[in-house]
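[1] coords please:
(one chain, ligands or ions: 1)
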Amino acid sequence: MNAPLTYLDGFGRCTGGRAEVRGPVAPEALGELLAARPARGLLARGTGCSYGDAAQNTGGLVLAPATPAEITVDAGGGTVRASGSATFRQILARTVPRGLLLPVLPGTARLTLGGAVAADVHGKNQRTDGSLAAWLDSVELLDGTGRVRFLTPDQEEFRATVGGMGLTGVVLAATVRLIPITGTRLAVSSRRAGDLEALLAELDGARSRYGVAWIDTTAGGAALGRGVVDLADHLDEPDELAYAEEPGPRAPRLPFAPFTPLTARAFNTLWYRRAPRERTGTQSLGTFFHRLDAVRDWNRALGPRGFLQYQFAVPDGRHAVLAEVLTQLQRAGGAPFLGTVKRFGPGSGCPLSFPLPGWSLAVDLPAGGPRLHAVLDRLDRRVAEAGGRIYLAKDARLGRAAFDAMYGPLADWRAARARLDPDDTMRSDLGRRLGLCR
Ligand SMILES: Cc1cc2nc3c(=O)[nH]c(=O)nc-3n(C[C@H](O)[C@H](O)[C@H](O)COP(=O)(O)OP(=O)(O)OC[C@H]3O[C@@H](n4cnc5c(N)ncnc54)[C@H](O)[C@@H]3O)c2cc1C
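    So this is what the prediction gives:
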């Protein structure tokens, strides 16, 4: 009898497919499963926070979660060793009371460490602290043949796995260096910027550890790219060290897409006008880093067709592409409703990692029809021509030619993957779409 298939999609809910889902599986049994080379391939999945099809293996096997969650904090050494299936929320609950913080915090704490390694995630401190790769002591990988590998940053196999979108094996565990904190509050200063130039100048001149800007994706003309810049640092004074999960209200599942060009504009205008010109204060870890987690399942409230996030990075000197993308998305009637800009510093050197020295813009917009996709295809070419790239963890639609132009022939990555997974067992929908696996 065939195993039942489960429908899996991404956070944007605009891609989806059915797969056989298993897990958690003990590492030894997992080794045997891989060694048996499942016919339609296998993929580890975390909590499905990637926006597109990165965590799908339609028609094949998906491990979700791959292994039981285990966390060991070495408070003296300032590190945590956690299994790939442990979530950031679970890890923070163990490290924060000991005055230790994960060094890279993406915009949600729901993700797993395995998903974070696979995407080489970055936070609001990428410019100052790099992405996760810079903080990993080791990655324990069950490779595509079922063999356990202990990978360290000096190895090509490590660099292929960090950012490798799950296509080199299953991350069993990783050891991350932590940063010491004396409390959980941050000093945050917010300042409104009237246009893109002012906003980028504010981020560029910042000397704080964390920096991010919300951008009004709907403003045009002289106000194009206006927004609010948030800069933050940890407070020095001792404070309560606690990290509690704060489950907020659940968003309703709407039968229609709430964002149209009109409502997206109204929402963004209101948000911009309500922001004070300048404000300083303190915020908790949860408020500063994981604001979007306050409303559970907000991605389900964006209509039955789901939504896309277009996140790209362009090198220093090519920031004009940000203005171009905003203008083109507005002209396409795409109803972009949420935008975020980050200043990036040097990348990690992992071939499939996203950050590069320059600028990143992420725009959320309802998943549209062929017209929107044609505009996005054109924008992909502009990003590639500028020497930039799309973030694979957010991507649901990039074509192979544009991907090749952005990430190059990837000879080192492909050679390392061939050593780790010679039979092409690790597979995903994203990998197939981009020519990274069969
Ligand atoms: C609200 C929100 C905000 C976000 N903000 C940011 C941000 O600021 N910065 C940023 O970098 N990212 C951000 N992300 C993206 C997110 O960090 C990445 O998509 C991350 O990979 C999700 O992890 P996950 O555990 O949900 O993995 P999934 O989405 O389930 O999987 C993602 C990839 O990881 C692989 N994977 C998962 N577990 C394993 C494992 N054990 N072994 C091997 N491979 C594995 C999968 O095969 C897949 O390729 C955000 C996402 C959301 C929803």
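
[2] how about the helices in the stretch 1-150 of the chain?
    Counting by DSSP state H, counting those that start in this stretch, the stretch 1-150 of the chain has helices at residues 27-35, 88-95, 113-119, 126-129.

[3] Of these, which shows the lowest average pLDDT?
    Here the helices of the stretch 1-150 of the chain differ in mean pLDDT, and the lowest is helix 27-35 at a mean of 92.

[4] Next, count neighbours for the residue in the stretch 301-438 of the chain that the ligand sits nearest to.
    The nearest approach of the stretch 301-438 of the chain to the ligand comes at A393, 3.4 Å away (C-beta to the nearest ligand atom). (C-beta placed from N, C-alpha, C; glycine too.) The number of residues packed near A393 is 28, by other C-beta atoms under 10 Å.

[5] residue contacts, it?
    50-51, 54, 115, 119, 121, 165, 354 (C-beta atoms under 8 Å, 6 or more residues apart in numbering).

[6] Tell me which of the helices of the stretch 1-150 of the chain sits nearest to R414.
    helix 113-119 (16.8 Å; C-beta to C-beta).

[7] close to the ligand, is the closest one?
    Yes. Interface with the ligand: helix 113-119 contributes 114-116, 118-119 (C-beta under 6 Å from any ligand atom).

[8] That helix - contacts with which helices or strands?
    Counting contacts by 3 or more C-beta pairs under 8 Å, 6 or more residues apart in numbering; DSSP states H and E, helix 113-119 packs against strand 79-83, helix 88-95, strand 169-177.

[9] Next, format those as JSON lines and append distance to the ligand and mean neighbour count.
    Output for the helices and strands packed on helix 113-119, formatted as JSON lines (distance: least, C-beta to the nearest ligand atom, whole Å; neighbours: other C-beta atoms under 10 Å):
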{"stretch": "strand 79-83", "distance to the ligand": "8", "mean neighbour count": "22"}
{"stretch": "helix 88-95", "distance to the ligand": "9", "mean neighbour count": "21"}
{"stretch": "strand 169-177", "distance to the ligand": "3", "mean neighbour count": "24"}
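
[10] which one of the ones you listed lies closest to T260?
    Closest to T260 of the helices and strands packed on helix 113-119 is helix 88-95 (C-beta to C-beta; 33.7 Å).

[11] Let's have the helices and strands packed on helix 113-119 in CSV, adding distance to F256.
    Output for the helices and strands packed on helix 113-119, formatted as CSV (distance: least, C-beta to C-beta, whole Å):
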stretch, distance to F256
strand 79-83, 40
helix 88-95, 31
strand 169-177, 39
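
[12] For G306, which of the ones you listed is the nearest?
    Closest approach to G306 among the helices and strands packed on helix 113-119 (C-beta to C-beta): helix 88-95, 23.7 Å.

[13] gap between M426 and S353?
    Using C-beta to C-beta, to the nearest Å, M426 is found at 18 Å from S353.

[14] Which helix in the chain has the most residues?
    Secondary structure of the chain read by DSSP state H shows that its longest helix is helix 370-385.

[15] could you give the mean pLDDT of it?
    For helix 370-385, the mean per-residue pLDDT is 96.

[16] Return the list of helices and strands in contact with it.
    Contacts defined by 3+ C-beta pairs under 8 Å, 6+ apart place helix 370-385 against strand 307-315, helix 320-331, strand 389-390, helix 400-407.

[17] S138 is in contact with L151, isn't it?
    Yes. If you go by C-beta atoms under 8 Å, S138 and L151 touch, sitting 6.3 Å apart.

[18] Looking at the two now, which is surrounded by more residues?
    In terms of neighbours (other C-beta under 10 Å), L151 is the more surrounded of S138 and L151; the figures are 25 against 18.

[19] Tell me if I'm right that that one and L141 touch.
    Yes. Taking C-beta under 8 Å as the definition, L151 is a contact partner of L141 at 5.7 Å.

[20] which residues do these two both contact?
    Common neighbours of L151 and L141, counting by C-beta under 8 Å, 6+ apart, are 157, 161.

[21] Do stretch 134-148 and the ligand come into contact?
    No. Residues of stretch 134-148 are not located near the ligand by C-beta under 6 Å from any ligand atom, the shortest gap being 7.7 Å.

[22] got the end-to-end distance for that stretch?
    Length of stretch 134-148, first residue to last, C-alpha to C-alpha, to the nearest Å: 22 Å.

[23] Determine how far it lies from the middle of the whole chain.
    From the chain centre to the centre of stretch 134-148 is a distance of 20 Å (C-alpha atoms, centre = their mean, to the nearest Å).

[24] outside of it, which residues touch it?
    Contacts for stretch 134-148 (C-beta under 8 Å, 6+ apart): 27, 30-35, 79, 103-104, 117, 129, 149-153, 157-158, 161-162, 168-177, 348, 420-426.

[25] Thanks a lot, see you next time.
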